[in-house]
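In: Give me coordinates for this.
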Amino acid sequence: ISLGPPHFQWTGTGSVRSWQSNDLLHWTAAEDAIVGRPGSFDPGYCEAGAPPVRLADGNYFTTYDTIIGSQRHGWAAGWVVLNGSNPREVLQRGGEPL
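Out: Residues are numbered from 1 along each chain as shown. Sure, this is the predicted structure:
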């Protein structure tokens, strides 16, 4: 995401990882951006969902997929709001599946 440098991309299964580039040719090492939260509906497995959407305040909204519970008995979608200046930073995250 981002109309100009730096650019960010997300992908991954198990955890959503993020890369950053200033020229779209050379990318930084991946960093975990969205990971499971023990004790929540998304305790251990997250994968990239829909492309992020820019909000009116400049931040980004996106979704991710997760396996519900530790017994892996179903799939759900979660949501996050990412910092518009540093999209690797999660500002807000849903406490229940969508």
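In: neighbouring contacts of stretch 6-17?
Out: 1-2, 18-22, 24, 27, 30-36, 45-48, 52, 62, 64, 87-88 (C-beta atoms under 8 Å, 6 or more residues apart in numbering). C-beta coordinates here come from the backbone N, C-alpha and C atoms, glycine included.
In: any idea of the mean pLDDT in that stretch?
Out: In this model, stretch 6-17 carries a mean pLDDT of 86.
In: center of the chain - which residue?
Out: When the chain is reduced to its mean C-alpha position, the nearest residue by C-alpha atoms, centre = their mean turns out to be residue 34, at 4.6 Å.
In: Please report phi then psi for it.
Out: Residue 34 adopts backbone torsions of phi -130, psi 120, taken as degrees, to the nearest 10.
In: Strands of this protein, residue ranges please.
Out: All strands of the chain, identified by DSSP state E, fall at 7-11, 13-14, 16-21, 31-34, 46-48, 53-54, 60-67, 75-82, 90-93.
In: quick revisit: residues in contact with the residue nearest to the centre of the chain?
Out: So, once contact is read as C-beta under 8 Å, 6+ apart, residue 34 ends up touching 10, 15-16, 46, 64, 80, 90.
In: now with 7 Å?
Out: Residues near residue 34 by C-beta atoms under 7 Å, 6 or more residues apart in numbering: 15-16, 46, 64, 80, 90.
In: Narrow those residues to those that are buried.
Out: In terms of neighbour count (16 or more other C-beta atoms under 10 Å), the buried residues within those are 15-16, 46, 64, 80.
In: so which pair among these is furthest apart in space?
Out: By the measure C-beta to C-beta, 15 and 80 form the most distant pair in these, at 12.7 Å.
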